[in-house]
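>>> Provided below for reference: sequence and predicted model.
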Amino acid sequence: GNSVTQMEGPVTLSEEAFLTINCTYTATGYPSLFWYVQYPGEGLQLLLKATKADDKGSNKGFEATYRKETTSFHLEKGSVQVSDSAVYFCALRSFQGGKLIFGQGTELSVKP
Amino acid sequence: GAVVSQHPSRVICKSGTSVKIECRSLDFQATTMFWYRQFPKQSLMLMATSNEGSKATYEQGVEKDKFLINHASLTLSTLTVTSAHPEDSSFYICSAREAGVTQYFGPGTRLLVL
């Protein structure tokens, strides 16, 4: 079946450090891929998405590229801020089905 | 982006009572709405999927008589936790999708059953 695997957290970085959160997926067909962010005590916000291979999603300095050959959608940011501290969820939605399938989430903590 | 609201944001109730949570899509028509449950430090667990005007589809292991879902219009879905017990305490998140790929999430409702 379809699944999403994220790197385990928590990830702790200093402000202005480079961020990578790995995400790999297993899916039949050509899924759409998403990154969502959840700030403490809140729901999920869509951060970025990509709907086909080689697409790059970007928002607020975050980027992720849909790599079909490696079945990956790693999240990157060149310079993190304290305000980026949150839990990040990678997700996929299969072409046929309607359900979002989430990874387990990766907690990011950015220290000043 | 599209906005999804939930009400209430927090609710405390006594064991045995029922609690209703509303989910609204504020600036788009949601053909499909989803209800999730999230335990602390964990990912979201899909409870059910509902399409406007039809019965909800529940995930395996979710009691449909306990978690009543109504999707009466293209902008409103409700989740009623019936005869709530302390083990039902959790963070409930709704999500809405218009005709397309992207799902938008509400801010969540924290339920505490005493």
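The structure has been received and is ready for your questions.
>>> Surely residue A:101 and residue A:3 touch.
Yes: if you go by C-beta atoms under 8 Å, residue A:101 and residue A:3 touch, sitting 6.6 Å apart. From N, CA and C alone the C-beta is placed, and that goes for glycine too.
>>> Same drill for those two, tell me which one is more crowded.
More crowded of residue A:101 and residue A:3, by other C-beta atoms under 10 Å in any protein chain shown: residue A:101, with 21 against 12.
>>> ok, is the helix or strand where the more buried one lies in contact with chain B or not?
When elements are assigned from DSSP states H and E, residue A:101 belongs to strand A:100-102. Yes: contact between strand A:100-102 and chain B, assessed by C-beta under 8 Å from any C-beta of the partner chain, occurs at A:100, A:102.
>>> For residue A:48, which residues are in contact?
By C-beta atoms under 8 Å, 6 or more residues apart in numbering or on different chains, the contact set of residue A:48 is A:34, A:35, A:57, A:58, A:59, A:62, A:63, A:64.
>>> chain center to the helix or strand containing it, what's the gap?
Counting by DSSP H and E, the element that carries residue A:48 is strand A:44-50. Mean C-alpha position of strand A:44-50 versus that of the full chain (C-alpha atoms, centre = their mean, to the nearest Å) differs by 8 Å.
>>> what's the answer for stretch B:98-114, then?
6 Å.
>>> How far does that stretch stretch from one end to the other?
Stretch B:98-114 has an end-to-end distance of 36 Å (criterion: C-alpha to C-alpha, to the nearest Å).
>>> before we move on, the earlier item: could you name the helices and strands sitting against the strand holding residue A:101?
strand A:3-6, strand A:86-93 (3 or more C-beta pairs under 8 Å, 6 or more residues apart in numbering or on different chains; DSSP states H and E).
>>> now, of these, which is deepest in the fold?
Among the helices and strands packed on strand A:100-102, strand A:86-93 has the highest mean neighbour count (mean count of other C-beta atoms under 10 Å in any protein chain shown), at a mean of 24.
>>> tell me what that strand is packed against?
Using 3+ C-beta pairs under 8 Å, 6+ apart, strand A:86-93 sits against strand A:3-6, strand A:23-26, strand A:32-38, strand A:100-102, strand A:106-111.
>>> That strand to strand A:32-38, inter-axis angle?
160 degrees (axes from the mean of the first three to the mean of the last three C-alpha atoms, to 10 degrees).
>>> partners of strand A:86-93 in the sheet?
strand A:32-38 (antiparallel), strand A:100-102 (antiparallel), strand A:106-111 (antiparallel) (DSSP bridges).
>>> Out of those strands, which gets nearest to residue B:77?
Nearest to residue B:77 among these is strand A:100-102 (16.1 Å), distances taken as C-beta to C-beta.
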